[in-house]
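A.B. asks: can't give you the sequence, but here's the structure:
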């Protein structure tokens, strides 16, 4: 299947650069996955599109301030590092710019020596493995020196770093936010619970795959980068009960979707407590076993994310919805508006 089948025209001015002042005031497009029918609403009214007994599954990963600016110890050359994945101990898989300057054995210095790192090797897709040294607690040093790793299409500085975290972010370890969850406020989550909608959480730490475009001409040639996930026994039990009682399982974001489909595929459509790595690639033709619907943002043309959405709702329905979103001036990408596919 050709990657170009998932292209669409997106005017640059529709790429949201800053979050709205109120999270739940974003627009909401509702897409009927069977008919392709569209409705337009506001996210704070999402309760009217859900039923008592439905279950929303949210990703509680917390984004690390994973972008570090430092220098090479020997030459003083400036280096930018993005932490992607903790491998073991103080070893991390990273993206380094410019990578050609950082070879095995190179020492990097951050924050006048508060943090140092030695390159111990390369990883897939041009990454570097760095081993860090520091005094105290690594995450506290990172909070002091690191910056939030906003996606490259966001050019504006973020005044409040917490706006790139969901209100339920808890488990540290992500290189990017699960942005579909950014629309929720604590008040809206309480309102949904009171209306009989179940809320549960999984964890998937977003990694390198978020930053990698599809470089092959056909979808089948693309390899996804593995990401770490956790589902608790409590979440698995609730999801199985919701399914048995006829409720709909609606994931919040592509990360939650990939986690549930990974687990359901391994357990004949059921859910079980699980921890592991997933490199599942969902594109049209995929048979969903775990979910009934999804809340998601509007994604990049020709990205693995729009392919996943198309697998759920059909490519023609999705491209029609996206072209409508452009005509109606919806806001796209991380700080943009939302779509409910049901």
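C.D. replies: Received the coordinates, thanks. From a predicted model like this one, the values you see are computed outputs, not experimental measurements. Residues are numbered from 1 along each chain as shown.

A.B. asks: in stretch 223-241, what counts as buried?
C.D. replies: Using 16 or more other C-beta atoms under 10 Å as the test for burial, stretch 223-241 gives 224-231, 235-236, 238-240. Using the backbone N, CA and C atoms, a C-beta is placed for each residue, glycine as well.

A.B. asks: no, scratch that, I was asking about stretch 2-22
C.D. replies: 3, 6, 10, 14, 15, 16, 17, 19, 20.

A.B. asks: quote the end-to-end distance of it.
C.D. replies: With C-alpha to C-alpha, to the nearest Å as the measure, stretch 2-22 spans 39 Å from end to end.

A.B. asks: just to revisit the earlier point, ok, so of the buried residues of stretch 2-22, who is nearest residue 268?
C.D. replies: Set against residue 268, the nearest of these by C-beta to C-beta is residue 6 (30.2 Å).

A.B. asks: what sits against residue 299?
C.D. replies: Taking C-beta atoms under 8 Å, 6 or more residues apart in numbering, we find residue 299 in contact with 305, 306, 309, 332, 333.

A.B. asks: touching, the third one and residue 295? I think so.
C.D. replies: Translated: residue 309. No - assessed by C-beta atoms under 8 Å, residue 309 is found out of contact with residue 295, at 10.9 Å.

A.B. asks: which neighbours do those two share?
C.D. replies: Common neighbours of residue 309 and residue 295 (criterion: C-beta under 8 Å, 6+ apart): 339, 341.

A.B. asks: quick one, which of these two is more surrounded?
C.D. replies: Legend: neighbour count by other C-beta atoms under 10 Å for residue 309 and residue 295, higher for residue 309 (30 against 27).

A.B. asks: which of the residues in stretch 109-119 are buried?
C.D. replies: Neighbour-count burial for stretch 109-119 [16+ other C-beta under 10 Å]: 109, 110, 115, 116, 117, 118, 119.

A.B. asks: now the residue nearest the centre of the chain, nearest residue through space, not along the chain?
C.D. replies: Computing the C-alpha centroid of the chain and ranking residues by C-alpha atoms, centre = their mean puts residue 178 first, at 3.5 Å. When the adjacent residues along the chain are set aside, residue 178 lies closest to residue 59, with 4.0 Å between them (C-beta to C-beta, 6 or more residues apart in numbering).

A.B. asks: same check, this time on residue 58
C.D. replies: Spatial nearest neighbour of residue 58, excluding adjacent residues (C-beta to C-beta, 6+ apart): residue 252 at 4.6 Å.
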